[in-house]
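# need a structure here:
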Amino acid sequence: MKPEPVKDRYVILVSYFPPQFVAGTELQALALAKHLSKRGFEVHVVTRSERILPYCELMGDIVVHRVSYLQPKPLRFTYYVCSFIEIMRIRPQIIQGMTFIPNGLLATVAGKIRRRPVVVHSQGSDVLLARPVVAALFWRIILNSAQVTIAKTQGGLHKLAKYTQFKNRIIKISNGVELSRFRLNRRQCRKLVGVKGHEKLVLYVGRFTPVKNVASLLLAISRVSRHLQGIKLLLVGKGEDMGRLMELARTAEISQLTQFEGEVVPRDVPEYMVAADVFVLPSLSEGIPSVILEALAAGTPILASNVGGVPEIVTDGKEGFLFQAGNVTEMADLLSRMLRDGRLRRKMSKAARARAKNFSMSRINEMTFEVSKSVMNRFFHETD
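This is a model prediction of the structure:
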């Protein structure tokens with residue numbers, strides 16, 4: 001009996017990983033890890049520790065390593081040290097960092113020492129919100145050391161290109177979405193999330209933090225509700241701003257039509273997306289937000305701030321409307337128009353589903369796989 005061929009080991013560095021923390025970057029990392037495993041790699045994920053989870057476990061075919069991450073800030077260097085030791089112990093053939101700092105930096109340092117190829121992802125906000133001093137100190141190291149840097153947005157690609165002479169090493173590959181998860185019965189979904197009769201459901205899914213600017217959505221809803229009845233605002237998520245937002249809903253006199261749903265597990269998000277009449281993302285900064293891709297897949301019209309990579313995936317007036325971040329009046333006017341016009345929403349819904357096909361998770365992850373294989377072939381051929 002022939003022994004099975006030895007698989008190439010692929011390490012993915014990501015700050016959080018399900019089930020410890022579930023958001024866009026983490027879900028993208030999980031989907032990519034599964035895809036790489038199916039395509040023949042032995043995949044190892046190195047991430048931060050969590051007391052209730054084991055140090056090392058097998059998640060399907062993926063090996064998850066959770067290394068020390070201590071508080072307060074001065075002790076966080078332990079994550080760097082322990083991650084580096086873990087990579088040395090795994091001895092991978094290729095290393096990937098899912099964000100620039102700290103994981104891209106960790107990947108490039110480990111790659112230099114191990115003499116292994118490195119792929120680094122820029123998620124969008126990690127570049128768009130970075131301090132200039134961070135860019136000056138670390139971006140050049142990462143960009144000049146990594147064999148490939150994957151930017152999620154065209155704007156991010158152009159910004160990164162200013163910090164390296166190896167501009168041809170930066171490519172654009174967007175985030176992806178699992179389309180099949182959103183093929184649900186809308187009427188059933190509306191019942192499941194508690195939408196009554198002809199209520200118009202306005203949905204937000206995400207963190208409650210200042211950069212998400214959810215307060216502006218509450219103010220816009222307050223304006224719209226003065227002349228339009230039957231609105232329900234559903235806020236899904238958690239975060240540091242929740243208490244302040246609840247108080248704002250009370251003072252704006254929209255508590256009776258606003259529901260704070262809390263955090264929901266990823267498998268339930270499609271029900272909310274499919275049930276919604278309009279999905280709103282009022283952020284001050286974004287990369288390629290997974291929630292926008294999910295809204296497209298659900299066929300839900302989108303109202304979003306015109307920031308980061310959002311205009312690269314939503315065409316203003318087609319799959320939804322874009323507005324200037326922080327402009328409550330513009331947001332309220334557009335939201336009112338969308339909620340009043342059922343024909344417009346149906347047209348946008350059809351366009352959204354068509355647009356979503358460009359961001360199929362399997363297609364996006366296959367592109368990353370092809371890049372990784374090409375990087376490995378070139379690297380090991382040149383070093384032979």
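
# Just give the nearest non-adjacent residue to residue 224, would you?
Distance criterion Cβ to Cβ, 6 or more residues apart in numbering; nearest residue to residue 224, sequence neighbours excluded, is residue 336 at 4.9 Å. For glycine as for every other residue, the C-beta is placed from the backbone atoms N, C-alpha and C.

# can you check residue 239 too?
residue 208 (3.3 Å).

# Pretty sure the one you found sits against residue 215.
No - the criterion here is Cβ atoms under 8 Å, and residue 208 misses it with residue 215 at 9.5 Å.

# how distant is the host helix or strand of residue 280 from the center of its chain?
Element membership of residue 280 [criterion: DSSP states H and E] is strand 278-281. Mean-position distance between strand 278-281 and its chain equals 16 Å (Cα atoms, centre = their mean, to the nearest Å).

# What of stretch 45-61?
21 Å.

# Put the alpha carbons of it into CSV.
Taking C-alpha atoms only, stretch 45-61 is exported to CSV below (Å, rounded to 0.1, in the frame of the first residue of the first chain):
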residue,chain,number,x,y,z
VAL,A,45,-4.2,28.7,12.0
VAL,A,46,-2.2,30.6,14.6
THR,A,47,-4.4,33.0,16.7
ARG,A,48,-4.8,34.5,20.1
SER,A,49,-5.6,32.3,23.1
GLU,A,50,-8.9,32.1,24.9
ARG,A,51,-9.2,30.5,28.4
ILE,A,52,-12.3,28.5,27.6
LEU,A,53,-10.8,27.0,24.4
PRO,A,54,-7.9,24.5,24.1
TYR,A,55,-4.4,25.5,23.2
CYS,A,56,-4.5,23.3,20.1
GLU,A,57,-7.4,21.6,18.5
LEU,A,58,-8.5,20.1,15.2
MET,A,59,-11.4,22.0,13.6
GLY,A,60,-12.4,19.7,10.7
ASP,A,61,-9.1,19.3,8.8
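
# And the strands in the chain?
9-13, 42-48, 56-59, 62-67, 94-97, 118-122, 148-151, 170-172, 200-205, 231-236, 258-262, 278-281, 302-305, 320-323 (DSSP state E).

# pLDDT below threshold where in the stretch 101-250 of the chain?
For the stretch 101-250 of the chain, applying pLDDT under 70 flags the ranges 124-131, 134.

# Repeat that for the stretch 251-384 of the chain.
383-384.

# Would you map the helices across it?
Shown for the stretch 251-384 of the chain, the helices assigned by DSSP state H, counting those that start in this stretch span residues 269-275, 290-298, 310-313, 328-340, 342-356, 361-383.

# can you redo those helices as CSV with mean neighbour count and distance to residue 249?
Output for the helices of the stretch 251-384 of the chain, formatted as CSV (neighbours: other Cβ atoms under 10 Å; distance: least, Cβ to Cβ, whole Å):
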stretch, mean neighbour count, distance to residue 249
helix 269-275, 23, 18
helix 290-298, 28, 21
helix 310-313, 20, 25
helix 328-340, 19, 15
helix 342-356, 17, 25
helix 361-383, 16, 34
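
# Any chance of TSV for these, columns distance to residue 222?
As requested, these are exported to TSV (distance: least, Cβ to Cβ, whole Å):
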stretch	distance to residue 222
helix 269-275	22
helix 290-298	23
helix 310-313	24
helix 328-340	8
helix 342-356	22
helix 361-383	37
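
# Out of these, which gets nearest to residue 175?
Proximity to residue 175 (Cβ to Cβ) singles out helix 290-298 among these, at 5.8 Å.

# Mind giving me the packing neighbours of that closest one?
helix 24-38, helix 269-275, strand 278-281, strand 302-305, helix 310-313, helix 342-356 (3 or more Cβ pairs under 8 Å, 6 or more residues apart in numbering; DSSP states H and E).

# and that helix with helix 24-38, angle?
If you take axes from the mean of the first three to the mean of the last three Cα atoms, to 10 degrees, helix 290-298 sits at 70 degrees to helix 24-38.

# Run the chain-centre distance for helix 290-298.
11 Å.

# Now do the shared contacts for residue 208 and residue 215.
Residues touching both residue 208 and residue 215 by Cβ atoms under 8 Å, 6 or more residues apart in numbering: 241, 245.

# How about the contacts made by residue 317?
So residue 317 contacts nothing (Cβ under 8 Å, 6+ apart).

# Leaving out chain neighbours, which residue sits closest to residue 357?
residue 179 (7.1 Å).

# I figured the one you found hits residue 356, correct?
Yes - assessed by Cβ under 8 Å, residue 179 is found in contact with residue 356 at 6.1 Å.

# anything in contact with each of the two?
Counting by Cβ under 8 Å, 6+ apart, the residues touching both residue 179 and residue 356 are residue 297.
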